[in-house]
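Q: Have a look at this prediction, sequence included:
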Amino acid sequence: MSPFNALFAAFARPFRAHSEAGSSSRRVSGRRRRQRAAAARLGGCEQLEPKQVMAANLLDVIPTQTLTTSAPVTIDLAEHFDETAITGTVVKFATNAPLTNSDFFVEMFDELGAGRTRTTPATVSNFLSYVNDPDALDDYDNTIIHRAVPGFVIQGGGYTAPNVAADLAGSDPIRVPQKPTVVNEPGNLNTAGTIAMAKLGGLPNSATNQFFFNLGNNPELDTQNGGFTVFGRVLGSGMTVINTMASALTYNATTYYGNEAFNDFPLWNVNADNIVQPNDFVKFTDVSVAPETALMSFTVSSADTSKLAASVVNGQLVLTPVAGQTGTVNVTVSGTSSLGGAAVGDTFVVNLGSASPRPIPIYHDNELQVYAGGNLVYIVTGSPLKTNSLGADFEVVASADFGFNGGKQVLIRKTNGELVTWQCDDNWVRSANLPVVVASDVAGRALKESQFGVTLSSFSGLRSLSVIESSGTPLAVDASTNLYAGGYAIYISAGNPLKTNSLGSDYRVLAAEDFGPANGGKQVLIKKSNGDLVTWQCDDNWVRTSGSTVLASDTAGKTAKSAAFGVSVA
């Protein structure tokens, strides 16, 4: 006996009968909607969706993140957010219902919680064995609702939809292979919005792969045949999808398919030719275990997108540092449950760059203004630091970037031998709210020398560079005609510095710029005597990459280069 035969009255009118047409067989139909008296049989009760008080919950704060490279870092939000009222495993049902959102979620009763009086571990384990079956590529994917009684139940899990039209070979629904039967676990009520196991009449422990959703309150199923095991509940507005599936036209397809279980067979459509197509079946396209975060929507913001990009992809928080950036960035992520409730959020710190100091080349220009890595250093905003700004008792000797462990700093030597450290913001403006740090003992001075990459015993003053072009990455030249980009020497090849006369009288170096790794990296702009522009591409050490010359000879190309490098080529 097929599952549920005792539960479905036979009001059948023929759906399909085989008729011979020459040597081929064709299925035809009267396509008559089955009329049901289910509401009367259920005592006229209305269908109710279960009341659920749910909201997103911050399960665990996201700890401070330290990112020392520009490689993206992924954080699983399922480890930090959950649903307050969900304790069991969540299963997502993707359907082909004609709705904008045709998916719904079900919470299994493998743990105590709302909507259950007992857990059903054996039944849940059995159900999930079909959901996650590696041998069958998930048994419930592309399975059909093969029985639907509006106001009562819809039943599935037993048959996979064919992928060819009904007039072709292999067009019958295919039985899902059954695993061993599972012990009955009654006790939870068969109320609207619950899922329960189907079974054979008179055999309480005969459930295998078929299940049904209760469309209404069905108290008779709590005791019939030993009681039908309710092992989960539909979450949120999921009954909208299920009730839509239950609203499909139903037919007596027992003769058509030669299967007595198909006497209440739902279909979305039957064409005028009476040949059922694969898309006509009411089916679950995918059934899979889902994290609770699948029930949430997330927003994320980075306090400084020039340093760190942040996004959420499929419940994963993705942090992408911008190459070469250091310091700290606050990131805020908020989650909102699709089942209701207010948003909850968390703000955490992302440290960028290495904790170890990175010496930065420091020099001054013809106006005695001090540069660190091509950036002007400021005593206060708008007031550049000059070599004579601090008076005769102080000398600027070095700069370094300590990343998240101290940020950008300038080292200053006093005439009495003490070393003074300034801390600066990301724009090399001295942080007035931070005190200077003084190293006066031998060990302290030795540590500062090591951190800033300078040997004070042989230090003879800052390099003097003449700035050729100051937009973006400054191009400068020293007294020996060596060219520098942001204070770093430029090389024709490793060990061979680029000088103003290296390329001959037909070429003049105009500018240098760092466009970042995604947009071309470090480049040098050179003008030929005939007006053409030549672009060198360089590695991270400003060494020209062999064979990397790019020529711009037309007006549009030269205009684009001028804008990119911030220099007039006239």
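A: Cool, got the structure.

Q: all helices for the chain, in order.
A: 38-41, 121-131, 238-246, 254-257, 442-452, 555-565 (DSSP state H).

Q: would you turn those helices into a markdown table with mean pLDDT?
A: Formatted as a markdown table, the helices of the chain follow (pLDDT from 0 to 100):
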| stretch | mean pLDDT |
| --- | --- |
| helix 38-41 | 32 |
| helix 121-131 | 97 |
| helix 238-246 | 97 |
| helix 254-257 | 91 |
| helix 442-452 | 94 |
| helix 555-565 | 91 |
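
Q: nearest to Gly187, of these?
A: helix 121-131 (11.0 Å; CB to CB). Bear in mind the C-beta positions are built from the backbone N, C-alpha and C, glycine included.

Q: which residues touch the closest one?
A: 88-89, 91, 108-110, 138-140, 157, 176, 179, 182-183, 185, 197, 207-209, 211, 229, 231-232, 287-289 (CB atoms under 8 Å, 6 or more residues apart in numbering).

Q: ok, back up a step: would you mind giving the helices of the chain as JSON lines with mean neighbour count and distance to Gln277 added?
A: JSON lines is the format used below for these (neighbours: other CB atoms under 10 Å; distance: least, CB to CB, whole Å):
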{"stretch": "helix 38-41", "mean neighbour count": "14", "distance to Gln277": "28"}
{"stretch": "helix 121-131", "mean neighbour count": "19", "distance to Gln277": "26"}
{"stretch": "helix 238-246", "mean neighbour count": "21", "distance to Gln277": "17"}
{"stretch": "helix 254-257", "mean neighbour count": "20", "distance to Gln277": "14"}
{"stretch": "helix 442-452", "mean neighbour count": "15", "distance to Gln277": "73"}
{"stretch": "helix 555-565", "mean neighbour count": "15", "distance to Gln277": "55"}
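
Q: Quick one, which of the contacts of helix 121-131 are buried?
A: Buried members of the contacts of helix 121-131, counted by 16 or more other CB atoms under 10 Å: 88-89, 91, 108-110, 138-140, 157, 176, 182, 185, 197, 207-209, 211, 229, 231-232, 287.

Q: In terms of secondary structure, what does the longest strand seen in the chain contact?
A: Ranked by residue count and defined by DSSP state E, the top strand of the chain is strand 327-337. For strand 327-337, the elements it packs on are strand 56-58, strand 296-302, strand 308-313, strand 344-352, judged by 3 or more CB pairs under 8 Å, 6 or more residues apart in numbering; DSSP states H and E.

Q: Tell me which of those strands sits most buried.
A: Mean neighbours per residue, mean count of other CB atoms under 10 Å, is largest over the helices and strands packed on strand 327-337 for strand 56-58, with a mean of 20.

Q: and the nearest residue in space to Tyr378 that is not next to it in sequence, how far is that from Thr326?
A: Nearest in space to Tyr378, with sequence neighbours left out and distances taken as CB to CB, 6 or more residues apart in numbering, is Val429 at 4.3 Å. Using CB to CB, to the nearest Å, Val429 is found at 15 Å from Thr326.

Q: What of Pro291?
A: 34 Å.

Q: Compare these two and say which is more crowded by neighbours.
A: Thr326 (20 against 17; other CB atoms under 10 Å).

Q: Now that that one has come up, it's in contact with Gly406, right?
A: No: contact criterion CB atoms under 8 Å: Thr326 and Gly406 do not qualify, at 10.0 Å.

Q: and Ala309, what is it in contact with?
A: Here Ala309 is in contact with Ser302, Leu319, Thr320, Val322 (criterion: CB under 8 Å, 6+ apart).

Q: Let me see the contact set for Ser466.
A: Contacts of Ser466 by CB under 8 Å, 6+ apart are Asp365, Asn366, Ala476, Val477, Asp478.

Q: change it to 10 Å
A: Asp365, Asn366, Leu475, Ala476, Val477, Asp478, Ala479, Thr481, Tyr484 (CB atoms under 10 Å, 6 or more residues apart in numbering).

Q: picking up where we left off before, Ser297 is nearest to which of the helices of the chain?
A: helix 238-246 (16.4 Å).

Q: which residue packs closest to Ile75, ignoring adjacent ones?
A: Nearest non-adjacent residue to Ile75, counting by CB to CB, 6+ apart: Leu317, 4.2 Å away.

Q: Dig out what the one you found forms beta bridges with.
A: Ile75, Val312 (DSSP bridges).

Q: Return the residues in contact with it.
A: 62, 65, 73-77, 80, 298, 300, 310-311, 331, 333, 348.

Q: ok, now how distant is it from Ala343?
A: Leu317 is 15 Å from Ala343, by CB to CB.

Q: Of the contacts of Ser466, keep whichever come out buried.
A: Asp365, Leu475, Ala476, Val477, Asp478, Tyr484.

Q: Closest one to Gly504 out of the residues you listed, please.
A: Of the buried ones among the contacts of Ser466, the one sitting nearest to Gly504 (CB to CB) turns out to be Val477, at 16.6 Å.

Q: Tell me if I'm right that the closest one and Lys499 touch.
A: Yes: applying CB atoms under 10 Å as the test, Val477 and Lys499 come out as touching, 8.3 Å apart.

Q: what's around Ser529, how many residues?
A: 10.

Q: For it, give its distance to Asn101.
A: Distance, Ser529 to Asn101, by CB to CB: 66 Å.

Q: what's the answer for Phe127, then?
A: For Phe127, the distance to Asn101 - CB to CB - is 23 Å.

Q: so Leu475 sits right up against Ile490, yeah?
A: Yes: applying CB under 10 Å, one finds Leu475 in contact with Ile490, separated by 8.5 Å.

Q: And the pLDDT for the closest residue to Ser502 other than its chain neighbours?
A: Setting aside the residues directly before and after it, Ser502 is nearest to Ile492 in space (CB to CB, 6+ apart), at 6.1 Å. Turning to Ile492, the model gives it a pLDDT of 96.

Q: Relative to Thr481, how far out is Ile492?
A: 13 Å.

Q: Overlap in contacts, the two.
A: Shared contacts of Ile492 and Thr481, counting by CB under 10 Å, 6+ apart, come down to Leu498, Lys499, Ser502.

Q: Distance check, the last one against Asn496.
A: If you measure Ser502 against Asn496 using CB to CB, the figure is 8 Å.

Q: Which residues are in contact with each of those two?
A: With CB under 10 Å, 6+ apart as the test, Ser502 and Asn496 reach no residue in common.

Q: higher neighbour count, those two?
A: Comparing Ser502 with Asn496 by other CB under 10 Å, the one with more neighbours is Ser502, at 15 against 11.

Q: got the contact list for the more buried one?
A: So Ser502 contacts Thr481, Asn482, Leu483, Ile490, Ile492, Asn496, Val509 (CB under 10 Å, 6+ apart).

Q: can you tell me which of those are in strands?
A: Short answer: the contacts of Ser502 in strands (DSSP E) are Leu483, Ile492, Asn496, Val509.

Q: Closest one to Ser546 out of these, please.
A: Checking the ones in strands among the contacts of Ser502 one by one against Ser546 (CB to CB), the nearest turns out to be Ile492, at 10.1 Å.

Q: Does that closest one touch Val509 like I think?
A: No: contact between Ile492 and Val509 fails when scored by CB under 10 Å: they sit 11.0 Å apart.

Q: Find the residues that touch each one of those two.
A: What both Ile492 and Val509 touch, as defined by CB under 10 Å, 6+ apart, is the set Leu498, Lys499, Ser502, Leu503, Trp536.

Q: For the most centrally placed residue in the chain, which residues are in contact?
A: Residue closest to the average C-alpha location in the chain (CA atoms, centre = their mean): Val313, at 1.5 Å. Val313 is in contact with Thr74, Phe298, counting by CB under 10 Å, 6+ apart.

Q: Same question for Val377.
A: Applying CB under 10 Å, 6+ apart, the residues near Val377 are 362, 364, 369-371, 384-386, 389, 396, 399, 408, 410, 422, 424, 427-430.

Q: Let me know the pLDDT of Asp426.
A: 86.
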